[in-house]
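Trainee: Compute the structure for the input listed below.
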Amino acid sequence: MKHKLNRRQFLGGLGSATAASTILNTSMLTSGLLWSKSAFSADADTKVLFVYIPDGAIPDRWHPSGSETNFTLPDVSSPLESVKEHCLFVNGLNMSNPGHNGYYQPLGNKNTTIDQYLSQTMGATTPFSSLHLGVVTEGHKLSRNSGQGVDYEDNPFNAFNRLFGNGAVTDIETSRSLSVLDTQLSSLNSMMSQLGTAERQRLEMHADSIRALEQRIQNASSNSQDASGCSAPIFNTGGFNGATDDASNFDAICDLQIDMIVMAFKCGLTRVGTFMMHNHQSNAFIPEANVNGSYHTSIHGMGADEYSKYRKYFSKKMARLIAELASATDSDGQSLLSNTIVAQVTDMADGRFHNGGNPPYMLAGGSKLIKAGHSIKASTDTKDILDTVAKAAGMDVGGSFPQYGSGPINQLLA
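Mentor: Residues are numbered from 1 along each chain as shown. Here you go, the predicted model:
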């Protein structure tokens with residue numbers, strides 16, 4: 001069905017969300033097609049990812065020693081040595097409500113957490129406003145929207161199907177999408193003679209975007225590789241086929257979820273993500289951690305060394321995530337990590353005592369966003385980290401965007 005668009009309606013719709021974005025959300029997404037910002041602009045959007053690692057870490061075994069730019073990582077954070085140049089370690093923070101009773105604190109407050117506000121702003125123009133993945137979270141919910149917990153997807157196969165479908169479309173679906181594009185181009189062409197120079201140039205740019213999108217649909221329908229390398233993504237190359245709710249499979253599930261995050265960001269499906277590595281009760285037994293007991297047991301009863309082994313394991317996973325983001329290419333030709341802010345958060349400092357002094361908070365990402373490759377002391381509340389992330393992402397913190405703490409920590413920003 002072809003729709004008639006008058007000049008005022010059409011130009012008004014170009015202000016905040018393009019007609020092409022509407023097409024993508026209503027037809028491409030339901031067809032299992034992939035979308036990327038590169039179809040519209042050479043500039044890559046900023047992405048934000050919150051990674052929750054439960055139950056803190058022994059501060060002296062996690063925080064670096066040395067100067068701001070010449071520092072040494074102790075044993076628990078030593079796996080991050082390989083991505084050290086991308087990391088910003090924050091020493092001296094204080095968590096005002098640590099422990100299991102402050103479970104929602106890592107992302108803000110109990111009403112609406114920061115990832116949800118970001119999904120309403122940064123995520124407003126992407127097919128998925130936000131992505132919430134977990135590893136054996138057992139129903140625990142780190143995020144809240146208007147007081148209601150947000151579900152996390154622990155099954156990477158379910159997440160893949162939701163995000164990418166089967167990686168291809170049928171001829172009927174392709175034809176339907178292209179017919180909508182043809183309608184848009186026809187409407188654009190009929191308006192050209194009625195517009196002034198500036199408006200005409202703007203519509204010509206929009207027409208170019210639609211033509212580029214048409215090519216992307218044709219590529220996807222033939223299951224070929226598109227400009228961003230996003231069609232028919234390769235997934236589960238290790239052949240994992242175990243239970244996704246079994247903590248003994250934690251390692252494989254975690255790697256698959258990391259791959260999912262990277263693919264979703266790379267393909268422009270979302271700009272906001274949260275990733276839970278288990279939950280605050282932490283009863284997972286992870287063979288790869290080389291501890292004869294669960295994570296929670298290691299904290300309460302097995303001694304500092306066993307607790308630290310588990311926490312070092314999580315640092316290895318964090319290093320893998322950062323490395324994968326750094327090796328992927330964004331739509332502007334730069335690394336995906338250069339346009340991403342990763343915030344590692346937790347619910348307490350030293351898990352043995354459930355205290356809040358000097359918890360293991362860290363940022364990672366592009367040097368144009370944060371002071372990557374630094375270790376900085378910031379004696380303030382952990383909620384100020386949330387304000388810092390929001391400001392680095394371009395939000396008007398304390399203005400149109402809510403402020404969670406006393407404001408951004410400017411010394412952490414690029």
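Trainee: Double-check residue 51 against residue 322; I have them as touching.
Mentor: No. Look at residue 51 against residue 322 with C-beta atoms under 8 Å: they stay out of range, at 9.6 Å. The way it works is simple: take the backbone N, C-alpha and C, and place the C-beta from them, glycine included.
Trainee: list residues touching both of these two?
Mentor: residue 342 (C-beta atoms under 8 Å, 6 or more residues apart in numbering).
Trainee: number of nearby residues for the closest residue to residue 317 other than its chain neighbours?
Mentor: Spatial nearest neighbour of residue 317, chain neighbours left out: residue 254 (5.4 Å); criterion: C-beta to C-beta, 6 or more residues apart in numbering. Using other C-beta atoms under 10 Å, residue 254 has 26 neighbouring residues.
Trainee: got a pLDDT number for residue 254?
Mentor: According to the prediction, residue 254 has pLDDT 96.
Trainee: What is the one helix or strand it maps to packed up against?
Mentor: Element membership for residue 254 (DSSP states H and E) is helix 250-266. Applying 3 or more C-beta pairs under 8 Å, 6 or more residues apart in numbering; DSSP states H and E, one finds that helix 250-266 contacts strand 47-52, strand 131-135, helix 156-164, strand 272-277, helix 304-327.
Trainee: can you pull out the strands in the protein?
Mentor: Along the chain, the segments classed as strands by DSSP state E run 47-52, 65-66, 71-72, 87-91, 131-135, 144-145, 148-149, 272-277, 340-345, 361-365, 374-377.
Trainee: May I see the ones you listed organised as CSV, with distance to residue 196, mean pLDDT and mean neighbour count added?
Mentor: Output for these, formatted as CSV (distance: least, C-beta to C-beta, whole Å; pLDDT from 0 to 100; neighbours: other C-beta atoms under 10 Å):
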stretch, distance to residue 196, mean pLDDT, mean neighbour count
strand 47-52, 36, 98, 26
strand 65-66, 61, 97, 10
strand 71-72, 58, 98, 14
strand 87-91, 48, 98, 24
strand 131-135, 41, 97, 25
strand 144-145, 43, 93, 18
strand 148-149, 48, 91, 14
strand 272-277, 37, 97, 26
strand 340-345, 39, 98, 26
strand 361-365, 42, 98, 27
strand 374-377, 50, 98, 19
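Trainee: Nearest to residue 159, out of those strands?
Mentor: strand 131-135 (6.0 Å; C-beta to C-beta).
Trainee: what comes into contact with the closest one?
Mentor: So strand 131-135 is contacted by 115, 140, 143, 150-154, 156, 159, 163, 250, 253-254, 257, 260-261, 264, 269-270, 272-279 (C-beta under 8 Å, 6+ apart).
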